[in-house]
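Trainee: Predicted model follows, preceded by the sequence.
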Amino acid sequence: MNFKKTLWAGAALALLPGLAFAQEVAEEAAVAAPSFDEIGPYIMTTLLFLIGGFLVMWMAAGFAMLEAGLVRSKNVTTQLTKNIALFSIAGIMYWLVGFNLMYPGDGWIIAGWVGGFFNITSLEPVGLDAASATLDYASVASDFFFQLMFCATTASIVSGTLAERIKLWPFLIFVVVLTGFIYPIEASWQWGGGWLSEMGFYDFAGSTLVHAAGGFAALAGAIVLGSRIGKYKDGRVIPMPGSNLALATLGTFILWLGWFGFNGGSQLAAGTVGDITDVGRIFANTNMAASAGAVAALILTQVMYKKPDLTMVLNGALAGLVSITAGPLDPSLFGALLIGAVGGVIVVVVVPLLDKLKIDDVVGAIPVHLAAGFWGTMVVPFNSADTSFVTQFIGFAAIGIFTFVVSLVVWLILKATMGIRVSEEAEINGLDVSELGMEAYPEFAKG
Amino acid sequence: MNFKKTLWAGAALALLPGLAFAQEVAEEAAVAAPSFDEIGPYIMTTLLFLIGGFLVMWMAAGFAMLEAGLVRSKNVTTQLTKNIALFSIAGIMYWLVGFNLMYPGDGWIIAGWVGGFFNITSLEPVGLDAASATLDYASVASDFFFQLMFCATTASIVSGTLAERIKLWPFLIFVVVLTGFIYPIEASWQWGGGWLSEMGFYDFAGSTLVHAAGGFAALAGAIVLGSRIGKYKDGRVIPMPGSNLALATLGTFILWLGWFGFNGGSQLAAGTVGDITDVGRIFANTNMAASAGAVAALILTQVMYKKPDLTMVLNGALAGLVSITAGPLDPSLFGALLIGAVGGVIVVVVVPLLDKLKIDDVVGAIPVHLAAGFWGTMVVPFNSADTSFVTQFIGFAAIGIFTFVVSLVVWLILKATMGIRVSEEAEINGLDVSELGMEAYPEFAKG
Amino acid sequence: MNFKKTLWAGAALALLPGLAFAQEVAEEAAVAAPSFDEIGPYIMTTLLFLIGGFLVMWMAAGFAMLEAGLVRSKNVTTQLTKNIALFSIAGIMYWLVGFNLMYPGDGWIIAGWVGGFFNITSLEPVGLDAASATLDYASVASDFFFQLMFCATTASIVSGTLAERIKLWPFLIFVVVLTGFIYPIEASWQWGGGWLSEMGFYDFAGSTLVHAAGGFAALAGAIVLGSRIGKYKDGRVIPMPGSNLALATLGTFILWLGWFGFNGGSQLAAGTVGDITDVGRIFANTNMAASAGAVAALILTQVMYKKPDLTMVLNGALAGLVSITAGPLDPSLFGALLIGAVGGVIVVVVVPLLDKLKIDDVVGAIPVHLAAGFWGTMVVPFNSADTSFVTQFIGFAAIGIFTFVVSLVVWLILKATMGIRVSEEAEINGLDVSELGMEAYPEFAKG
């Protein structure tokens, strides 16, 4: 995502009291309608946000299926509940505080913050007339819809890592904080026109802002929460295979599809030859990086373990996608291949590394989103002269430290107050029975 | 959906014999092609119908997965067969009679009816020239495609309620009547320019016309069919948990995604700043209502039962979506939140209520589509001055009574002639073995 | 897909060294931006490719789910791995050689071949200026993205037929050859402006070029590979039911959805009234053919076997889709119904026929894609005067023979060198344990 125009944020607020008036104007303006030449770009970019937005929304289903497939069957209902709940909470919190917190208006100062904080997001009036529209951008509603989905994605990343042992409600409270405050604040540093964007940090669609941030929040949670019972025993790592790899694969394909909206929509414009062609570039590069990540993981697991590992291939594709997300526009297809392939390698290497550190990440979200997100962010200067390695590192570190520390504090507070981990008995019996009293597959006998 | 222009219906018919001629004209017209300024809106609205249409088509898969997940494993194949068959039948019947019955042309009189009845739908000629196109609307083909999906959705709603005990063929015969006649007739009262639209009834995308109508047809069927064996015993309600909550969750996410097309496409225009901005509003409001419905059901089941109930959360999201469907454009985001949240509450309250009445609705389609559809229809006047509570109630009641009574008659005829319910033995053994001889999960041992 | 302009292929190459220069120009050109009237069609067609492309990409998930649902549970992980791997490999090979091999430039001669062979695909520069764009077509990147998905589809078709007994790596090597060479070469005969297109062969979206070709490659593989152990015994066909019909149904719905992109995008233009209206026609016809195929198979299996067969209904829908793919634009809706219905009948008839020939096609890909592809190709002259039965037959035969023979040779080489079939023990135990050491449903007990 390029630097985001924030002008309309103020405009939208200004329009609020004049809603009825605006509608009147709209009716009058119909007499002398603007030519399509003037409004075409606005319509195309709005359409890009709507299509991009519903594709990214679809990623929520992808995470739900991926995670439901990678946990054991006794925890599937809980994982599904967490996923649909977190997406719903994001939809409310981002409206209530997040969006205006992230785009505080022209003055990125304390005043801007307070202003952004106390205002909830409002949409344009019905039947907006062309004269009141930001014709060089897009509709506020479509932009809000699109941006919301990024916020929700950040939360989706966290849920997989902490599966199979976290209590439902503390997790959802963390989601409230993450989607209402943590994500909007760190994302505002870049996409809200904050200090990182002024410094020249480059993160086109959010390798750092979304993926690594989600990964850091997950990492903090995993540390506070501890590993699952029996995962690390006598220095060995006990495999706890996912219960439904068909779902996990479906989830990966959904995410792959949704990513075209994630990266393509982040062009933030579609009304000129250059912009729509760029969106095409981004689609092609995104697909290439995913392909390369999958193939790299496939070959590497064959070489390392003599057998290809499907869950690694799935995570390899996802790591390829995360890797290209910081800069999906500039690389050539060959560049995208290299970036994605390294992403796939990173996953295969980092998964066992985390296990050595006894950080128990159930679905591999930290390797995929944090580690590959770091790689994707740092490789940008190879393909773009607009930033430097130092700048990229500062941006990644700033967002990483902020997200990690604040998340850690929130997790620790939750742990100290209401507790975040289910009882040992509940964990062994499965969260579905103990927490929800509802099994996902009540009729399938355990093998 | 706003009032629908029916002018092209006659135009399409008139074009039929002149197909070859029209193509000739198209070739000549290429010499002096119209400017994009003239044709842009037509292209955008046609595109809106195509995108909206494929999103709503996707909802058929959503219903299939939701229902397959909520029935017991011995009835899954039957449920899947019903879902793909009903969608296919809708595709044929809506072409054969439905579409022209629903849009009978300018004169909404007996003559219009007969005309509409005996004509099957025809598309424009290949390579339509701009001079023959309805430039202020969209292509007939795209409109037919979009409208067809609404008809199919109505039928999808019915199949879930009647699961686990209805015979396949009588159900499919009911679908023939529903998609060919019942839905097109009641929908023509509003979207075909009939008496409800003249009266000022407001049902933007079909809380009443599609969802409540589907719910009424399902209710009639459930009454005639009776409850499943063992569902109500000694005054108690015996839970019969769904066999695959991962599928049910997937189905809900699919429906959520498809709903952007359902509500957004119902703007019926995308070629002006006002229209595309309105589509954006609709997307944002639709997402908010779904989020609020899910969160409301989550909190309410926690409070009422001390444990969140995933199936209620899923149905809460769907009820939020149904609730906003009558008026997704006018409310603010906060309004959408309230509308959706009440929808979620309705589901949690109405599900046990139906059980008290011993109306056995396997998937909760009546609470979600009928009850929340009523709420969504009645709340419209709070946000729009274009209608009144009385008008809304008359519209809902008229469509409800018509659909319920005609459906009841059809179900009773089917019951009297071929029987609609499988034998007791077949029901206990499961419809998959008894009716289809094919299990959905033949290898998974029953637990 | 109509005849494809290949002009830009040279243009893209010419631009390669001047990338930096092109960007400069782009910046200058911004001063006098072209009117939307000039660039609108380019933007719309590019958008059509992007939307069409992501829909066809989604078909890869459809094939994965369909096949995972139709194999036995002991082979699901392998089938999933093959599907995500083949899609990834297609993404790389089509860039490395396929795309330029398929569109060798203006001179379709040996020189063109060599040129096409040694060049990998490059995208336009970032921020392409309007003056450098092929304004009467679309962006190269979007076109590459769209065409790539057709190549991947061809490979997806093969994997289902050969399931449950083929080794992973030889299969993937075949995919390398198929997506890098076989498909691009045969497709270039038509869509690359080769001899078939010069002869007047008509295959709008690829009934022959994609579907029958995939079917022929699968047929060759099935013959070389042989049938599964125990499939044909004492003159009887032993049913080996799929393990998860919910997944198979989901896969079919995904494919149905993706097909709107497959056929609709093949209009290759969306910037005029005629073109976007044609896309609408194609959507409506595509849906009708699928519906008719499903209903035909439903009725026919009821009549023939007294019980509807869900897997036949699913394959009937797919066969309807394949049948309409050669000519989805010209037929009326009634014509589409007839074409699709015959497709559905073909599947029901050809499936047992193949079994008589002891050709073991696990998912029915040969009946669906090859047989219905033949029907779809041969029926075109009924609806279009642009071709003849003889021409259609020559085209089908040429592509069929070429694909079959080359595939056969590749399969035989693979068999002779590394072997293509797993050991008898591995096949009986399931490929998941023996080949991958990872079960798809490790917790579900076998019934």
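Mentor: Nice, I can see it.
Trainee: Next, work out how far apart residue A:143 and residue A:416 are.
Mentor: As for residue A:143, its distance to residue A:416 is 39 Å (criterion: C-beta to C-beta, to the nearest Å). All C-beta spots, glycine's among them, are computed from the backbone N, C-alpha and C.
Trainee: Neighbour count: these two, which is higher?
Mentor: For residue A:143 versus residue A:416, the count of surrounding residues by other C-beta atoms under 10 Å in any protein chain shown is larger for residue A:143: 27 against 9.
Trainee: Tell me which helix or strand that one sits in.
Mentor: Under the criterion DSSP states H and E, the helix or strand holding residue A:143 is helix A:140-161.
Trainee: Which positions within that helix qualify as buried?
Mentor: Neighbour counts using 16 or more other C-beta atoms under 10 Å in any protein chain shown place A:140-161 of helix A:140-161 among the buried residues.
Trainee: so residue A:252 sits in a strand?
Mentor: No: secondary structure assignment places residue A:252 outside any strand; it is helix (DSSP: H, G, I helix; E, B strand; the rest coil).
Trainee: For chain B, what's the nearest residue on the stretch 251-400 of chain A?
Mentor: With distances taken as C-beta to the nearest C-beta, the stretch 251-400 of chain A approaches chain B most closely at residue A:254, which sits 8.8 Å away.
Trainee: and residue A:424, what is it in contact with?
Mentor: Contacts for residue A:424 were tallied using C-beta atoms under 8 Å, 6 or more residues apart in numbering or on different chains; they are residue A:229.
Trainee: what's the distance between it and residue A:102?
Mentor: The span separating residue A:424 from residue A:102 equals 40 Å under the rule C-beta to C-beta.
Trainee: Could you do residue A:123 as well?
Mentor: Residue A:123 sits 16 Å away from residue A:102, taking C-beta to C-beta as the criterion.
Trainee: coming back round to it: secondary structure class of the residue lying closest to the residue of the stretch 251-400 of chain A closest to chain B once chain neighbours are set aside, three-state.
Mentor: Using C-beta to C-beta, 6 or more residues apart in numbering or on different chains and skipping the chain neighbours, the partner closest in space to residue A:254 is residue A:62 (3.2 Å). In terms of secondary structure, residue A:62 is helix; the call rests on three-state DSSP.
Trainee: ok, now how distant is residue A:62 from residue A:310?
Mentor: Here the criterion is C-beta to C-beta. By it, residue A:62 lies 16 Å from residue A:310.
Trainee: Between the two, which has more neighbouring residues?
Mentor: Neighbour tally, residue A:62 and residue A:310, criterion other C-beta under 10 Å: the higher count belongs to residue A:310, 28 against 25.
Trainee: how about the residues of the stretch 301-447 of chain A near chain B?
Mentor: Residues of the stretch 301-447 of chain A found near chain B (C-beta under 8 Å from any C-beta of the partner chain) are A:435-447.
Trainee: What subset of those is buried?
Mentor: Listed as buried from those are A:435-436, A:438-444; burial here means 16+ other C-beta under 10 Å.
Trainee: Put the alpha carbons of the strand or helix carrying residue A:375 into PDB.
Mentor: Assigned by DSSP H and E, residue A:375 belongs to helix A:372-378. As requested, C-alpha coordinates have been extracted for helix A:372-378 and formatted as PDB (Å, rounded to 0.1, in the frame of the first residue of the first chain):
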ATOM      1  CA  ALA A 372       8.900 -14.500   6.100                       C
ATOM      2  CA  GLY A 373       7.600 -11.100   6.800                       C
ATOM      3  CA  PHE A 374      11.000 -10.000   8.000                       C
ATOM      4  CA  TRP A 375      12.600 -11.400   4.800                       C
ATOM      5  CA  GLY A 376      10.000  -9.800   2.600                       C
ATOM      6  CA  THR A 377      10.500  -6.400   4.300                       C
ATOM      7  CA  MET A 378      14.300  -6.600   4.100                       C
END
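Trainee: what's in contact with it?
Mentor: With C-beta under 8 Å, 6+ apart as the contact definition, helix A:372-378 has outside contacts at A:203, A:207-208, A:211-212, A:215, A:318-320, A:322-327, A:339, A:342-343, A:346-347, A:389, A:392-393, A:395-396.
Trainee: change it to 6 Å
Mentor: Residues outside helix A:372-378 that contact it (C-beta atoms under 6 Å, 6 or more residues apart in numbering or on different chains): A:207-208, A:211-212, A:319, A:322-323, A:325-326, A:342-343, A:346, A:392, A:396.
Trainee: Contact partners for residue A:213?
Mentor: With contacts defined as C-beta under 6 Å, 6+ apart, the neighbours of residue A:213 are A:154, A:186, A:399, A:403.
Trainee: okay, and the helix or strand of chain A with the least pLDDT?
Mentor: Counting by mean pLDDT, DSSP states H and E, the weakest-scoring helix or strand in chain A turns out to be helix A:7-15, with a mean of 38.
Trainee: How much space separates the residue nearest to residue A:254 from residue A:87?
Mentor: 11 Å.
Trainee: Repeat that for residue A:76.
Mentor: In this structure, residue A:76 lies at 17 Å from residue A:87, with C-beta to C-beta as the measure.
Trainee: Residue A:269 now?
Mentor: As judged by C-beta to C-beta, residue A:269 and residue A:87 stand 27 Å apart.
Trainee: my guess is residue A:363 meets residue A:70, correct?
Mentor: Yes: using C-beta atoms under 6 Å, residue A:363 makes contact with residue A:70 at a distance of 4.6 Å.
Trainee: what's the nearest residue to residue A:259 if we skip its chain neighbours?
Mentor: Computed as C-beta to C-beta, 6+ apart, the closest residue to residue A:259 that is not its neighbour in sequence is residue A:321, at 4.9 Å.
Trainee: swap that for residue A:364, sorry
Mentor: For residue A:364, ignoring the flanking residues on the chain, the nearest one in space by C-beta to C-beta, 6+ apart is residue A:315 at 4.8 Å.
Trainee: so where do the strands sit in chain A?
Mentor: Assignment of strands within chain A using DSSP state E yields the ranges A:232-233, A:236-237.
Trainee: tell me the contacts of residue A:303?
Mentor: Under the criterion of C-beta under 6 Å, 6+ apart, residue A:303 has no contact partners.
Trainee: Then residue A:399?
Mentor: Under the criterion of C-beta under 6 Å, 6+ apart, the contact list for residue A:399 reads A:186, A:208, A:213.
Trainee: mind checking pLDDT for it?
Mentor: Per-residue confidence at residue A:399 stands at 98 (pLDDT).
Trainee: Against residue A:405, how distant is it?
Mentor: 11 Å.
Trainee: Mind listing the shared neighbours of those two?
Mentor: Between them, residue A:399 and residue A:405 share no contacting residue, judged by C-beta under 6 Å, 6+ apart.
Trainee: the helices in the stretch 151-300 of chain A, which residues?
Mentor: Ranges of helices in the stretch 151-300 of chain A, per DSSP state H, counting those that start in this stretch, are A:168-177, A:183-190, A:195-199, A:213-225, A:245-264, A:273-305.
Trainee: Kind regards, and thank you for your time.
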